[in-house]
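Predicted model and sequence follow; I will ask about them next.
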Amino acid sequence: ENLADPQTKQRLLQLAAEEEGHPDNVAPAVYGGLQVAINNGSQWITQRIAVPAAVQAVLFIPDFQSLTSETRAALPASVSIEDAVHNISRAAMLVNCFATGRLEALRYACEDRLHQPFRGAIFPMELNTMINTALSTGAHGCWISGAGPTIMALTGGHGGNVDGDTMLFFEAMEVSKAMREVAEGAGLGGRVLIAEPTVDGIRQVDESGRIIDMPKSIITRAVTTWDPSSEYRPQVTN
């Protein structure tokens, strides 16, 4: 069966979201890009949000792992109307930042009261220290990726490309080094990855289930890791 067929992708979304309990991971995996999803009571419905070209995702991945069930249990059972309004308004601004390409406002759109103050307790340093350091070094926004423990910052997205000049790479590297230094100062080990979001989701496969047309992000984009022992020279692996 052609997994790239629209009807098949829709079925995969429903099955995987039902199994996982939400479409946060599976929707972009199936359809690519940045996805927003709602449930109408009988099925999940997704819609793509535009991502500005040349955006770079800087990911600090701690050496420890955390279970989503544990970090979810740390969340309060109820929230105040004030905090709910705070997050709803910023969620709307976040979508607008990506849809319009006005990423300069992303730092405000990422301000959170509902989960990061609680999930941030798993780190040996103040989460806001990492976030504010990334922002002051040039990131548009910084937040816990999902339930954690990965912390993600966003840079670039203002034209150009990683093949045309060094500015995008320089900005991402500066943020990655700053995030790593904060972690090391708190005694937290980990690694930093720099990746470029892809618009590719599931692609066509052959009769044996092998991918015929691999997403271009897999075959043309490398993931860069930064290691301070390498004298700040990136290590690129395909």
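Received the coordinates, thanks. Numbering: from 1, shown residues only.

can we go C-alpha only for contacts and neighbour counts from here?
Noted.

Strand partners (parallel or antiparallel) of the longest strand that the chain contains?
Ordering each strand of the chain by length in residues (DSSP state E) puts strand 55-62 first. Note on strand 55-62: by DSSP bridges, its sheet partners are strand 151-156 (antiparallel), strand 190-195 (antiparallel).

Report the rounded mean pLDDT for it.
Mean pLDDT, strand 55-62: 94.

hey, which helix or strand in the chain has the poorest pLDDT?
Every helix and strand of the chain was ranked by mean pLDDT, DSSP states H and E. The lowest is helix 216-220, at a mean of 39.

about what we covered before: quick one, which of the strands paired with strand 55-62 is packed in tightest?
Of the strands paired with strand 55-62, the one with the most neighbours on average (mean count of other C-alpha atoms under 10 Å) is strand 151-156, at a mean of 25.

Could you give the separation of it from the chain centroid?
In this view, strand 151-156 has its centroid 8 Å away from the chain centroid, taken as C-alpha atoms, centre = their mean, to the nearest Å.

same check, this time on stretch 103-119
For stretch 103-119, the distance to the chain centre is 13 Å (C-alpha atoms, centre = their mean).

Check stretch 128-143 too.
Its chain's average C-alpha position is 14 Å from that of stretch 128-143, according to C-alpha atoms, centre = their mean.

Can you pull the poorly scored residue ranges out of this structure?
Counting by pLDDT under 70, the chain contains low-confidence ranges at 1-4, 159-164, 204-206, 209-238.

show me where it has helices.
In the chain, the helices defined using DSSP state H lie at 6-20, 26-31, 68-73, 81-100, 106-109, 116-119, 127-137, 167-185, 216-220.

now the ones you listed as a markdown table including mean neighbour count and distance to Gln43?
Converted to a markdown table, those look like this (neighbours: other C-alpha atoms under 10 Å; distance: least, C-alpha to C-alpha, whole Å):
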| stretch | mean neighbour count | distance to Gln43 |
| --- | --- | --- |
| helix 6-20 | 15 | 7 |
| helix 26-31 | 22 | 13 |
| helix 68-73 | 13 | 23 |
| helix 81-100 | 15 | 22 |
| helix 106-109 | 20 | 28 |
| helix 116-119 | 18 | 28 |
| helix 127-137 | 18 | 35 |
| helix 167-185 | 19 | 38 |
| helix 216-220 | 11 | 29 |
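
Export those as TSV, with columns for distance to Leu193.
Putting the helices of the chain into TSV (distance: least, C-alpha to C-alpha, whole Å) gives the following:
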stretch	distance to Leu193
helix 6-20	26
helix 26-31	19
helix 68-73	21
helix 81-100	22
helix 106-109	21
helix 116-119	21
helix 127-137	14
helix 167-185	8
helix 216-220	15
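
Of all the ones you listed, which one is nearest Ala153?
Shortest distance between Ala153 and these, using C-alpha to C-alpha, is found for helix 127-137: 6.8 Å.

Point out the other helices and strands that that closest one packs with.
Counting contacts by 3 or more C-alpha pairs under 8 Å, 6 or more residues apart in numbering; DSSP states H and E, helix 127-137 is packed against strand 141-144, helix 167-185.

elements contacting the first one?
It refers to strand 141-144. In terms of contacts (3+ C-alpha pairs under 8 Å, 6+ apart), strand 141-144 is packed against helix 106-109, helix 127-137, strand 151-156.

Let me know the distance separating the residue of the chain most remote from its centre from Ala172.
Distance from the centre of the chain peaks at Glu207, with 32.7 Å (C-alpha atoms, centre = their mean). Distance of Glu207 to Ala172, given as C-alpha to C-alpha, to the nearest Å: 40 Å.

Fine by me, thanks again.
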